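Trainee: turn this into a structure:
(chains A, B and C)
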Amino acid sequence: MTSIVEVVLTGPPAAVVAIVRILLNQRLIASAQIADVRSSYWWSGSIESAKEARATMRTRTEVVPELLEVANREHPYEVPGIIVLPVIDGNVDYLQWVRNETSPSVT
Amino acid sequence: MTSIVEVVLTGPPAAVVAIVRILLNQRLIASAQIADVRSSYWWSGSIESAKEARATMRTRTEVVPELLEVANREHPYEVPGIIVLPVIDGNVDYLQWVRNETSPSVT
Amino acid sequence: MTSIVEVVLTGPPAAVVAIVRILLNQRLIASAQIADVRSSYWWSGSIESAKEARATMRTRTEVVPELLEVANREHPYEVPGIIVLPVIDGNVDYLQWVRNETSPSVT
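Mentor: I've put the predicted structure just below:
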């Protein structure tokens, strides 16, 4: 296991772009990649469909609680879809770069 | 670790859309996001390329065996590409929503 | 946990396509899916944006060190973005196929 995670956030495209920007500005993530997706999901007893964006963001494990707080506050949905995947290995220079760009000393 | 996973399924776009619909209807997933991808892979000794779709689906760990059975049966490939990634954290309300939407009491 | 991982590599689209091809040819991956993404990241003190490609590649855990060496050497960035996610379950035939297509006996 490394001390790095990939946080995946989905939602309306404009909102996802705005939240990514806020998280970058607050040094809560080092980078984000946004892709267009077609989502389907259960909501209030029926299956809904929507064009959404999926952001995959890299940060340190310790930062996740604060990231979740900010993202939940900024997200337009009642229940924002945010999950955290563990990163178990990678390019060591890149993993160190993620740490550097999200460390308190930089903010 | 949470009791939630992200299941990733790839294949021909129409088939992926159909399988996602079946899994949603059977409450084997709470949500899915489908993206367009360009796939390359080894098959029968040569590298093949194809336009595929990649579905990232959220469900409970306990549901995975049944999900695999249904997805394998419905998928047009001889060896369907399905993997399961662990979710170690996330928006707690969202994780609970995934549990609720895939729980036996709902089906 | 399985002995299979998903390796995620991002970068300029042409470079990602070329690196995927090299990794396939050297049997360091069994398959790859490439998606278009819009990336934002911190670099030299400011937030940069770029159109990139995101490759999600399936291979055996033991192969990762060699894969990282080759991908780092071939990637045009100073610090290539490469992370490794653990695969904890999946279609058993597919997981075996990944092992077969990346095993020494095939190369």
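Trainee: list the beta-bridge partners for residue A:83.
Mentor: Here residue A:83 shows beta-bridge partners residue A:8, residue B:90, assigned using DSSP bridges.
Trainee: measure it to residue C:56 for me?
Mentor: 16 Å (CB to CB, to the nearest Å). Placement of C-beta: from N, CA and C, glycine included.
Trainee: and the two? Which one has more around it.
Mentor: residue A:83 (26 against 22; other CB atoms under 10 Å in any protein chain shown).
Trainee: which residues sit against stretch A:54-63?
Mentor: Contact with stretch A:54-63 is made by A:3-10, A:16, A:19-20, A:23, A:28-37, A:67, A:87, A:98-99, A:102-103, B:33, B:35, B:56, C:8, C:37, C:54, C:81, C:83, as judged by CB atoms under 8 Å, 6 or more residues apart in numbering or on different chains.
Trainee: can you give me the offset of the lengthiest helix in chain A from its chain's centre?
Mentor: If you go by DSSP state H, chain A has its longest helix at helix A:13-25. From the chain centre to the centre of helix A:13-25 is a distance of 9 Å (CA atoms, centre = their mean, to the nearest Å).
Trainee: what about the nearest residue to residue A:50 once chain neighbours are set aside, neighbour count?
Mentor: Sequence neighbours aside, residue A:39 is the residue nearest to residue A:50 in space, at 5.1 Å (criterion: CB to CB, 6 or more residues apart in numbering or on different chains). By other CB under 10 Å, 20 other residues sit near residue A:39.
Trainee: mind listing the residues bridging to residue A:39?
Mentor: Beta-bridge partners, per DSSP bridges, of residue A:39: residue A:50, residue B:33.
Trainee: the one 4 residues further on too?
Mentor: On the basis of DSSP bridges, residue A:43 takes part in beta bridges with residue A:46.
Trainee: give me the neighbour count for it.
Mentor: 15.
Trainee: before we move on, the earlier item: how close does the residue nearest to residue A:50 get to chain C?
Mentor: 15 Å (CB to the nearest CB, to the nearest Å).
Trainee: I'd say that residue and residue A:52 touch.
Mentor: Yes: using CB atoms under 8 Å, residue A:39 is in contact with residue A:52, at 4.5 Å.
Trainee: shared neighbours of those two, anything?
Mentor: The contact sets of residue A:39 and residue A:52 overlap at A:10, B:33 (CB under 8 Å, 6+ apart).
Trainee: got a list of what residue A:17 touches?
Mentor: By CB under 8 Å, 6+ apart, residue A:17 lies in contact with A:34, A:53.
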